[in-house]
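>>> Give the three-dimensional model of this entry:
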Amino acid sequence: MTTTMGMAEAKNNFSKVMAQVQTTGRPVTILKNNKPCAAIVPMDMLVEKDPVSAAVDFMDEYADVFEKLS
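Coordinates of the predicted model:
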């Protein structure tokens, strides 16, 4: 399950969000006007692959979330 939160919440709780990503290894999707606009992902998701492949995999894995939000 993906964690999502608004931009203001992410900004106000950035340290907690980062700790959550590091602890769980799961990305957090940031919403702007209730639509995904960014993601905070663990570094190992990007280091193992090139950034484009990681982004495509991320979008594929969470396509259902993005569909619900659109």
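
>>> how close does residue 27 sit to residue 62?
8 Å (CB to CB, to the nearest Å). Bear in mind the C-beta positions are built from the backbone N, C-alpha and C, glycine included.

>>> Mutual contacts of these two, please.
residue 2 (CB atoms under 8 Å, 6 or more residues apart in numbering).

>>> what comes into contact with the host helix or strand of residue 21?
Counting by DSSP states H and E, the element that carries residue 21 is helix 14-24. Residues outside helix 14-24 that contact it (CB under 8 Å, 6+ apart): 3, 5, 10, 26, 27, 28, 40, 41, 42.

>>> Could you do stretch 53-63 as well?
2, 27, 29, 39, 41, 45, 46, 48, 49, 66.

>>> farthest pair in these?
Spatial extent of the contacts of stretch 53-63 (CB to CB) is set by the pair 48 and 66 at 22.5 Å.

>>> low pLDDT regions in the chain?
1, 47-50 (pLDDT under 70).

>>> quick one: the strands in it?
3-6, 28-32, 35-40 (DSSP state E).

>>> Distance to residue 22 and mean neighbour count for those strands - can I get that in TSV?
Output for the strands of the chain, formatted as TSV (distance: least, CB to CB, whole Å; neighbours: other CB atoms under 10 Å):
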stretch	distance to residue 22	mean neighbour count
strand 3-6	13	16
strand 28-32	11	17
strand 35-40	10	14
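
>>> With distance to residue 55 as added columns, please give those in JSON lines.
Formatted as JSON lines, the strands of the chain follow (distance: least, CB to CB, whole Å):
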{"stretch": "strand 3-6", "distance to residue 55": "17"}
{"stretch": "strand 28-32", "distance to residue 55": "12"}
{"stretch": "strand 35-40", "distance to residue 55": "9"}
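
>>> Burial check on residue 19, number of neighbours?
11 (other CB atoms under 10 Å).

>>> same check, this time on residue 27
19.

>>> ok, now residue 18?
With other CB under 10 Å as criterion, residue 18 counts 14.

>>> same question, the one 4 residues further on
The criterion is other CB under 10 Å. On that basis, residue 22 has 11 neighbouring residues.

>>> From residue 68, how far out is it?
On the measure of CB to CB, residue 22 and residue 68 end up 26 Å apart.
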